[in-house]
Each structure stands twice: as structure tokens, then as C-alpha cells.
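Model the following, please.
(2 chains)
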Amino acid sequence: MRKLLYVLGLSLILTGCSSSYTSSEYKDIIVPEKVDYILDSNNKAMYIDDDLKEVIFEINNLREKYKDSNDENESNLLYIDIYANHDLTINFDNESINNKEYFNDVVGILDKSVAKGLKDYIEEVKDKEIEDNKIALRKIGMVAVYAEDRGENKENFISVKFNFASLKDKYYSDLLNKVSKDKYFLNNIIMGEKLNMIDFVNLNNFHPIYEYGYFSIRYNMYLKDKDIEKVNILMQGKDGLKLEQDDIDVFANLLDTLELKEKEKDLLLNDYKEILQTKTKNKNISLDNYKVLINTTKGNNYSGEGRKLVYFSIEKS
Amino acid sequence: MNKSILKHEIRSMKWMILLSILASLFLTIMFSTTLDSRYINIFSNGIYLNEALIQSVLRDINEMTLVIFTALSIIQIFMQFRSEKSQETGRFLKSLPVKKEEFFKIKLSTGLINLSLAFIVLAIGLIIVRANNMFWIKDIHSISYSSKAFIKADSAISLLKELGLIYLVVLSFYTFLFMVQYSFSNVVGGIVTGILVWLAPIFIVTSSMYTLDRLSFIGIYNSPLVVSLLNFGRWLLPWSYVLDRDYNVLPYETNSTQISIISSLGIKYTIALLLILINIIIAYKFNKSSKVENENKIIVFKSIRKIFIFGVTICSGLLVSTILHDIIMIQIPTIIYSILILLGGFIGYWISQKITKVGNI
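Sure, this is the predicted structure:
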């Protein structure tokens, strides 16, 4: 009898401790007004330049011209809703668009405004000899062009992706330009309760068709108002791969924006350049104002084709 | 504790211990690989959603954990009781100068310790995997719209609380089957009956509501009493404690992933603990009052036999009703429907009578 009461009492105490684990405790932590404010900030964080709006309207108006065409299914005609579209990019290729004239018209519009030289480049690359298992990847203005030989004695497969969003906050926009210098593409910005994050990617990561023969790099910059609290560089590539000069330049630009000594900058730049060249193990580096974590082992077992993942993180200490 | 009985029990349990620990390691590996696939996804697609990652991966693992450990409990009961219930070994063991209580205590403790060990291994494994992944998950928390809420949802304590509930539900099922074994003289029969009786309450409530609705005695869709009774029915099946979640944690709708928590955790903990306690007490009483003369009867106690016959009759009738209503779904006149239910009940009565008469002189 005593044992029974003892166990009953214990179980009541245990449940007393866990009774706080209900949704009401979450409702106490979350302040709805704060959340509404943050969501609102997120909706307003990116915007479309007036000039780019003109470009988008021109592309949308092509639908009128081609909607009765027999070659093209109306659903393949591009339409960008600038108010509803959260993914502020458009992506089209010469395989899903059957009508050559329409494809060339869209290319022409982009060539006029945001990607000077796109028309000539596509003419050049569509019949070019591209080796098997290799691709041609090029950034022209604000546009990324991907070309691949898919055999079958026809034109090369060409895919074009265009990013038309910009950051509204002038400070963030300037910071992004300082680091990227037009070499990388803005992917996203997230405004959070504690930190804000700017997400920008290199050419290979931007294009939806990945090629592990090239480095795919994503920068996540975590900022508290105007201070850079942390930068994560997420890289994918095959073992032994070398970085392109553009990628090294962007990293050097990033180091210039941080409070680092010259020696520290050289050290980090060296580590970055060699990242998949040497058998880099996981590293933890303590600098004066920052701590650096390099992880090259996580996730490699489950990614195929000899793909390696590198998590390179510089955090304010 | 009698050392030789303990050795005998442990010898038959060593494969169970190995199997349980392998199951825990398997679940830990599943947790780790799922988190890794989310990690890889962030490299390719970036961070978009406000997400409590650990918690959302754990949701996937929870159901697997419950199913695997329920199956392990069933196997464990079989391994523990098969030697006792076999004619020769059983009679030999009963002729030893060892009290019935000793057997009971040792059997129960080895069973509970085995399951507890497996869950401890699982808990440690999950905590280690979580710690190894926090270096990238904490970044996602810092950019969420309420970092406190997401940090709380992904904390080690939340993980342990959920795991604790699964542990208690598994233990309550195990002790329930343990208890049923002491009122049945056939191991497999006892296991099957145990599972059916475990499912019976929720089956009886939902099926009888639908039958009464079909017979136009009540209207399910009209009566709020019936709706609340059907909701109450979820409480009659402890397996649903793990699966029922509250998604209304966040104060509004977004297209982000929500935080979801197991609702009314405190009450569920209490019920599971009480169930375990009641099962152990009843099993102890059954063990104490079992007599050798009743060994060749399938159901050992007279009162249990009566409950068995009553239960099988009702459930057979309701089973016929469920088959007609949900599976075959033919339109038949109410009178034929009622006759078929009564026929089903009668067949159930006849079968259960035959079963209980086995072994009677």
C-alpha cells in the first residue's frame, strides 16, 4: 500500500513538471505584434527596380503576340506576376519553349536591357562543340546562361535564368555590391527576430542544373542591424577541385569588410583557396575578433558522385 | 532474488537485449541521415522556412519508434513466456521450491530493464546526434521570427519529453500483454487476445456510434455529445497519444512550417503511468491466485471467462456492422442489417463459449 502511494505521488510530481509543456507556454513566448512586424519587413525587404518592371512588362506582353501560335502551348509563354511572385527569378530554356521566334524575342528583350551581349553569346554557343559531360556556364549582366550538349544532332540545350530582385535597404545593397562586385547573384533576404540574413550565390549554384565539376557556393551573411555577426560559406564540389578567380575575389572582398588583421586575412585566404585541394580536416581557428569553423566531413556519405560539402563559418567572438 | 532463475531468464533474453539495442541504433541512424539530408538541402536551396528542424525530423521518427518497440514488446512477451507455458518445462519450473512471486518479479524486472535499456541507448544516441548538428541548426533559429519558440521546440528537453511519452506508452502495452499472459494458458492466444483487447475500447466506441447512427437511433453529425464521445474515444487508445499533435502553437497561419507539439502531455504521462501500475498490480494478483488445477484451461479465471464471452459477443456484432458499413458498403434494409449484427454476435458467443470450455472436464 505504501509503495503504491509512493509511486502515485512520484507520478503526480512528474506530470506536474511536464504540465508546463503545452501550447500555452509557446503562446506566452511568442508576441504576435512582433511577429507581424517581422513578416511585414520580410515582404518589403526586396523590390523590383522601375526599369526592370518595364522589362518584365515587355516579356509579359509577348503573350499577346504568340498566344494563338500553333507551335507554342500557351502555358509555356512566360508570365511574371510582380506582385505575387515570391521567387523573383525567371528561368526558361530552348527545349520547353518550342517556338524559336518567341525564344529569340525574349532573349532580345533581355539583351537590350539587363544582359548586353546575350544574343550574340547564345548564337555562338548554340552550335558550339561542348565536350561530353561538360557544360558552358556564363554570367552575362544579370543573367546566367547554361549550355549543354544533349546529343541527338540538334542544337545545344540552352537555359537562361534571370534574377530581377534587389535589396531595398540601401546599406545592405551597398554591402552586397562591395562583396559580390556583380559577380554573384542575390538569392534571398530573411529578416528575423535576432538577425537578418542575406543569401547570395555564385553562378553554378544560381543555375538550377548543378554541375559538380564546378564549385557551387552559397554565402549566408548574418547581420544584426548593420554589424556582420556571422558569415557562412556553403560550398559543394568534387574532390581536388580548384576555385575560379571570381570566387577567390569575392572571398577577398568579404574579408576586407570584416575587422581582420592582414596576417589573419592571408591565413583565411590560403585556407579558402586550398579548400578541396588538400585533405583538409575539420578545423577550428581562433582569431582576435572572430572564430572560424571549417567542416569538410559532414554530409559526404549521403551525397553522390564524389561530391564534397564544405561548411566555412566566420563568426564574431 | 533467486540467482538461478535470474540466469535462466537472462539466457532467454539476451537475444532480445541485442535486438532492442540494434533497433535503437537503427532509429538513431535514421535520425542522423534525415538531418544530414536537410543539411545537404540547405547547401543547394538555401534557408527559406522558419523551421524547428530537430522537432520536424523527430516527428518522422516517432511513429517508427512506436511501431518498432511495440513489435519488440510482442516478441519479448513471446520469448519470456513460451517456456513456462509449454507442458513439460512449465510443470518442471512449477515443481521447483521457488515462490511464484520470485518468478513474477524476475520476469517483470528483466522485461522492463530490457526495454528501458533500449530507450536509454536511443535517448543518448538522439542527444548526441542533435549536439553534432546544432552548429548549423542554431543559425536557422537566429533568423526565425521568434527564436525563443524555435529554440525551445528544438531543445534537448523537448526531445526527451516526447521520447519519454513513447517509452511510457510502450511500457504500458508491454505490461498489459504481461498481465494478459497470466490469465491465458496459451502464449500466442494470450498475445493475440491482448492486442485485440488493447484495441477494443476505441473500436467499441466508434463502431457502436456508427451502428446506432445507421440504425437511426442517434445522428452522429447532429449531436455534439456524440462528436465529443468520438473525440474521447481517442483517449482510449494509448498509441494515439504519440500521434495526436497540436499544430496551433503559432498565433497565425503562414506558409512556413509550424511548430507542433504533443497535446496534453501531462495528462498523457499520468494515464500511461497509471496504466503501467494497474497492469502490474492485476498481473501480480492473477499470478498469486492461479492454481495448478486450472492449468489446462485456456482462460484460467472464471470472472475473466465471463468478461471474455461478453466482450467477444459484442465485438463480433460490431465487427459485422463495420464490415457492412465501411468495407462492403452495400445498401440493405435496416431490418436485415440488424439481423446480421445479431447473427454476428451469436457466432461470437458460440465461438467464445467453445474456447472457454476447452480443458473442462
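
Would you mind listing what in the stretch 151-300 of chain A touches chain B?
Contact residues (CB under 8 Å from any CB of the partner chain) of the stretch 151-300 of chain A with chain B: A:187-188, A:190-197, A:199, A:201, A:205, A:210, A:216, A:218, A:220, A:222, A:230, A:232, A:234-236, A:293, A:295, A:298-299. Yep, even glycine has a C-beta here, placed from its N, CA and C like the rest.

The closest residue to chain B within the stretch 151-300 of chain A: neighbour count?
Nearest residue of the stretch 151-300 of chain A to chain B (CB to the nearest CB) works out as A:Gly192 at 3.4 Å. Using other CB atoms under 10 Å in any protein chain shown, A:Gly192 has 22 neighbouring residues.

now the helices for chain B?
B:3-45, B:53-85, B:87-95, B:100-142, B:147-153, B:156-181, B:187-214, B:224-233, B:239-243, B:265-289, B:302-322, B:334-357 (DSSP state H).

ok, the nearest residue to A:Asn196 once chain neighbours are set aside - how many residues close by?
Once flanking residues are discounted, A:Asn196 sits nearest to A:Leu223: 5.1 Å by CB to CB, 6 or more residues apart in numbering or on different chains. A:Leu223: 20 surrounding residues under other CB under 10 Å.

relative to helix B:3-45, how tilted is whatever helix or strand A:Leu223 lives in?
Secondary structure from DSSP states H and E places A:Leu223 in strand A:216-224. Going by axes from the mean of the first three to the mean of the last three CA atoms, to 10 degrees, strand A:216-224 is angled at 90 degrees with respect to helix B:3-45.

List the ones among the residues of the stretch 151-300 of chain A next to chain B that fall in helices.
Short answer: these in helices (DSSP H) are A:Asn205.

Tell me which strands the longest strand seen in chain A pairs with, and in which orientation.
Secondary structure of chain A per DSSP state E: the longest strand is strand A:227-238. In the sheet, strand A:227-238 lines up against strand A:216-224 (antiparallel), strand A:307-316 (antiparallel) (DSSP bridges).

hey, least reliable of those strands by pLDDT?
For the strands paired with strand A:227-238, mean pLDDT drops lowest on strand A:307-316, to a mean of 91.

who touches it?
With contacts defined as CB atoms under 8 Å, 6 or more residues apart in numbering or on different chains, strand A:307-316 is touched by A:212, A:227-239, A:258, A:268, A:272, A:275-276, A:289-296, A:298-300, A:303, B:39-40, B:43, B:135-136.

How far off centre is it?
15 Å (CA atoms, centre = their mean, to the nearest Å).

picking that back up, pull out the buried members of the contacts of strand A:307-316.
For those, a neighbour count by 16 or more other CB atoms under 10 Å in any protein chain shown gives the buried set as A:212, A:228-237, A:258, A:268, A:272, A:275-276, A:290, A:292-296, A:298-299, A:303, B:39-40, B:43, B:136.

Name the spans of chain A whose pLDDT lies under the cut-off.
A:1-23, A:70-74, A:84-87, A:133, A:208, A:210-212, A:280, A:302-305 (pLDDT under 70).

Could you list the domains of it?
With domains defined by automatic domain parsing, chain A comprises A:49-163, A:168-316.

gap between the two ends of the longest one?
By CA to CA, to the nearest Å, the extent of domain A:168-316 from end to end equals 26 Å.

For it, what is the distance to the chain centroid?
Worked out by CA atoms, centre = their mean, domain A:168-316 lies 11 Å from the chain centre.

In CSV, list the C-alpha atoms belonging to stretch B:106-125.
Output of stretch B:106-125 as CSV, limited to C-alpha atoms (Å, rounded to 0.1, in the frame of the first residue of the first chain):
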residue,chain,number,x,y,z
ILE,B,106,12.3,-11.6,-12.1
LYS,B,107,10.3,-11.9,-15.3
LEU,B,108,8.9,-8.4,-14.9
SER,B,109,12.1,-6.8,-14.0
THR,B,110,14.1,-8.3,-16.8
GLY,B,111,11.4,-7.3,-19.3
LEU,B,112,11.3,-3.7,-18.0
ILE,B,113,15.0,-3.4,-17.8
ASN,B,114,15.5,-4.6,-21.4
LEU,B,115,13.0,-2.0,-22.8
SER,B,116,14.4,0.7,-20.6
LEU,B,117,17.9,0.0,-21.7
ALA,B,118,16.9,0.2,-25.3
PHE,B,119,15.3,3.6,-24.7
ILE,B,120,18.2,4.9,-22.8
VAL,B,121,20.5,4.0,-25.7
LEU,B,122,18.1,5.7,-28.1
ALA,B,123,17.9,8.8,-25.9
ILE,B,124,21.7,9.1,-25.7
GLY,B,125,22.0,8.5,-29.4
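
List the buried residues in it.
B:106-108, B:110-112, B:114-115, B:118-119, B:121-123, B:125.

same check, this time on stretch A:307-317
A:Arg307, A:Lys308, A:Leu309, A:Val310, A:Tyr311, A:Phe312, A:Ser313, A:Ile314.
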